[in-house]
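Chemist: I need the structure of the sequence given here:
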Amino acid sequence: QVQLVESGGGLVQPGGSLRLSCAASGFTSDYYSITWFRQAPGKEREKIACISHNDGSTKYADSVKGRFTISRDNSKNAVSLQMNNLKTEDTAVYYCARPAGSCSARVIEYWGRGTQVTVSS
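Modeler: Sure thing, here's the model as predicted:
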């Protein structure tokens with residue numbers, strides 16, 4: 001049974017950092033591309049980062065480029081999202097997902113349930 005479980009969310013002040021983790025089960029995450037999305041209240045879900053199954057290459061949305069880093073932790077069968085210099089506009093529910101193929105695939109095969117990140121002073 002394939003599952004994705006996010007953790008690491010919470011409340012942080014502007015300028016602070018958080019590290020989210022996406023723990024995979026039922027499959028070996030290193031063999032698949034993994035994507036992070038987020039959805040802020042009243043806004044559409046936004047794709048923010050992806051790590052490729054092919055060569056480990058990464059892609060980021062402009063809104064997080066230079067501040068967020070996606071990486072694999074194969075010892076834990078997980079993918080992490082290091083978030084630095086957080087801004088109030090980063091407040092959202094963060095989801096990890098497994099796309100059907102590459103990072104550019106539009107179809108998502110599996111979603112996690114999400115973890116709340118709140119950036120506030």
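Chemist: so how far is residue 100 from residue 19?
Modeler: 27 Å (CB to CB, to the nearest Å). No exception for glycine: its C-beta is placed from N, CA and C like everyone else's.
Chemist: what's the closest non-adjacent residue to residue 10?
Modeler: residue 18 (6.5 Å; CB to CB, 6 or more residues apart in numbering).
Chemist: and if you look at residue 102?
Modeler: With CB to CB, 6+ apart, the residue lying closest to residue 102 is residue 33, at 5.7 Å.
Chemist: try residue 25
Modeler: residue 3 (4.6 Å).
Chemist: isn't that neighbour up against residue 26?
Modeler: Yes. Taking contacts as CB atoms under 8 Å, residue 3 lies within contact range of residue 26: 5.8 Å.
Chemist: overlap of the contact sets of those two?
Modeler: The contact sets of residue 3 and residue 26 do not overlap (CB atoms under 8 Å, 6 or more residues apart in numbering).
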